[in-house]
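In: One predicted model, sequence on top.
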Amino acid sequence: MKILVINCGSSSLKYQLIDIEKEDVLCKGLAERIGIEGSRVVHEPTGMEKVTIEEAMPDHKKAIEIVLNSVAHPEYGVIKSMDEIAAVGHRVVHGGEVFNDSTLLTDEVMDKARECIDLAPLHNPANIMGIEACKELMPDTPMVGVFDTAFHQTMPAVNYIYAIPYEYYEKYAIRRYGFHGTSHKYVTERAADILGIDLDKINLITCHLGNGSSITCIEGGKSRNTTMGLTPLEGLVMGTRCGDIDPAIIPFIGRKENLDYDGVDNMMNKESGVYGVSGISSDFRDLEDAAKEGNERAKLSLDMFESKVKKYIGAYMTEIDHTDAIVFTAGIGENSISMRESICKSLEHMGIKIDPEKNNVRGKECIVSADDSPIKILVIPTNEELMIAKDTMNLVK
Ligand code: ADP
């Protein structure tokens, strides 16, 4: 069964066509600058040269049309006709409290998905545009929505209610939702498999450390707590996002700098994090290089990132009766040997003992803890597209 996975942003669209039985990626690609001059699709069929298609894409429908043509193209396509696509899995950022699992996108479900736009005005409209365009072009192909928030709907109220007047939860659904759910779910299932522990028995701390970062406390295979909140701004220090700060800073800076709410929101999302502190870059490779050359602020930003990760690992271990493993995933978690080592080094007294030699890996599934470490440490490259394709297959089978 071949599943097309689509991740639609406001001006870009990523796609993969996956043969789900073999778990093979047949092709993948990126449509860029949708609605902007100079739009193009970079299409990468597995085992063949990549192709760049430069064509005007005034809207998402046109982008998807080009993607479908590329996937089934006589020269660089990987299937003979679009009919071979059994279903399409769409990534949707916010599923609110409505969606606690992936779901078939019927007309009724689409109405509910539109109700979640209020909670993610920057992301959900683009996701929905992508689904609508696909439905128009492939009216007979089932569509499935896979929500970033859904995996975290198992959190207990004690972890999702904010300590502000309860009426705001009732009136506006203000609560912790959490994000990166597809990634946390994927690595949880992989960890259970690797460690040979039943999914409903496994307790983990999963650390998705990338440009955006979040940590999840997994109890019995389910999300019990997570660092991101109503939006992806809360929690860890990120590439350009501030994570947890004293909320009183918001009106304080607003008054001092004469910024309105949107101005402060922009500062916290785009000008903060390791970028804001270092003044150099949001990319950890740049920061590691600068720190090695003696740049104090680059070092400070990396130390702050590390410190926040450790704080949450410690905090989440108090929520579960035992911890089977700490899992590292995403760009930094999979690739930064030095960051994994510095996070784990001071956690030995908590039963988390890293083996520096085993830890000398990048982007590969492996156990990097010492043999005598009571809590295992795993590196698991995330694969959100495969998770979306699996959920999609399960719903249409
Ligand atoms: P996102 O999907 O959120 O955009 P990724 O999961 O791709 O982000 O992670 C991007 C981050 O991973 C960047 O900060 C990048 O510097 C970091 N990263 C990638 N490779 C390495 C590496 N070899 N060493 C250190 N950091 C790395």
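Out: Perfect, I can see it now.
In: partners of the one helix or strand His90 maps to in the sheet?
Out: Per DSSP states H and E, His90 falls inside strand 85-92. Strand 85-92 has the following sheet partners, assigned by DSSP bridges: strand 2-8 (parallel), strand 143-147 (parallel).
In: looking at those strands, which is buried most?
Out: strand 143-147 (a mean of 27; mean count of other Cβ atoms under 10 Å). C-beta here means a position set from N, CA and C on the backbone, and glycine is covered the same way.
In: need the residues of this structure near the ligand, please.
Out: 210-212, 239, 283-285, 330-332, 335-336, 362 (Cβ under 6 Å from any ligand atom).
In: Helix or strand: which one has whichever residue of the chain sits closest to the ligand?
Out: Going by Cβ to the nearest ligand atom, the ligand is nearest to Gly331 of the chain, at 2.0 Å. Using DSSP H and E, Gly331 sits in helix 330-335.
In: Packing partners of that helix?
Out: strand 204-209, helix 337-345 (3 or more Cβ pairs under 8 Å, 6 or more residues apart in numbering; DSSP states H and E).
In: how about these, which one is nearest Tyr312?
Out: Closest approach to Tyr312 among the helices and strands packed on helix 330-335 (Cβ to Cβ): strand 204-209, 7.8 Å.
In: so where do the strands sit in this structure?
Out: Ranges of strands in the chain, per DSSP state E, are 2-8, 13-19, 24-32, 40-45, 51-54, 85-92, 103-104, 143-147, 204-209, 213-219, 222-226, 325-329, 366-367, 376-379.
In: what about these, which gets the closest to Ile161?
Out: Per Cβ to Cβ, nearest to Ile161 of those: strand 222-226, 12.2 Å.
In: Strand partners (parallel or antiparallel) of that closest one?
Out: Going by DSSP bridges, the partners of strand 222-226 are strand 213-219 (antiparallel).
In: what angle sits between the partner strand and strand 325-329?
Out: 150 degrees (axes from the mean of the first three to the mean of the last three Cα atoms, to 10 degrees).
In: Not counting strand 213-219 itself, show me its contacts.
Out: 152, 178-180, 184, 188, 202-208, 223-228, 232, 235-238, 305, 309, 312-313, 316, 319-320, 330, 332 (Cβ atoms under 8 Å, 6 or more residues apart in numbering).
In: If we use 7 Å, what do you get?
Out: 178-180, 184, 188, 202-208, 223-228, 235-236, 238, 309, 312-313, 316, 319-320 (Cβ atoms under 7 Å, 6 or more residues apart in numbering).
In: for stretch 271-285, same thing?
Out: Against stretch 271-285 from outside (Cβ under 7 Å, 6+ apart): 211, 237-242, 286-287, 290, 295, 297-298, 300-302, 304-305, 332, 336.
In: where along the protein do the helices fall?
Out: 60-71, 107-115, 124-137, 157-160, 167-172, 181-195, 249-257, 261-270, 273-278, 284-292, 296-317, 330-335, 337-345, 384-396 (DSSP state H).
In: Put together TSV for those, with mean pLDDT on each row.
Out: Formatted as TSV, the helices of the chain follow (pLDDT from 0 to 100):
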stretch	mean pLDDT
helix 60-71	95
helix 107-115	91
helix 124-137	92
helix 157-160	98
helix 167-172	97
helix 181-195	98
helix 249-257	97
helix 261-270	95
helix 273-278	98
helix 284-292	96
helix 296-317	98
helix 330-335	97
helix 337-345	97
helix 384-396	97
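In: okay, those helices in JSON lines with mean neighbour count next?
Out: Listed next are the helices of the chain as JSON lines, based on neighbours: other Cβ atoms under 10 Å:
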{"stretch": "helix 60-71", "mean neighbour count": "22"}
{"stretch": "helix 107-115", "mean neighbour count": "13"}
{"stretch": "helix 124-137", "mean neighbour count": "19"}
{"stretch": "helix 157-160", "mean neighbour count": "13"}
{"stretch": "helix 167-172", "mean neighbour count": "11"}
{"stretch": "helix 181-195", "mean neighbour count": "22"}
{"stretch": "helix 249-257", "mean neighbour count": "12"}
{"stretch": "helix 261-270", "mean neighbour count": "15"}
{"stretch": "helix 273-278", "mean neighbour count": "22"}
{"stretch": "helix 284-292", "mean neighbour count": "18"}
{"stretch": "helix 296-317", "mean neighbour count": "19"}
{"stretch": "helix 330-335", "mean neighbour count": "22"}
{"stretch": "helix 337-345", "mean neighbour count": "19"}
{"stretch": "helix 384-396", "mean neighbour count": "22"}
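In: Please convert the strands paired with strand 85-92 to TSV, extending it with mean pLDDT and distance to Leu378.
Out: Listed next are the strands paired with strand 85-92 as TSV, based on pLDDT from 0 to 100; distance: least, Cβ to Cβ, whole Å:
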stretch	mean pLDDT	distance to Leu378
strand 2-8	96	25
strand 143-147	97	23
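In: Dump the ones you listed into a markdown table; add distance to Ser346 as well.
Out: As requested, the strands paired with strand 85-92 are arranged in a markdown table below (distance: least, Cβ to Cβ, whole Å):
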| stretch | distance to Ser346 |
| --- | --- |
| strand 2-8 | 36 |
| strand 143-147 | 36 |
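In: Alright, I will stop here.
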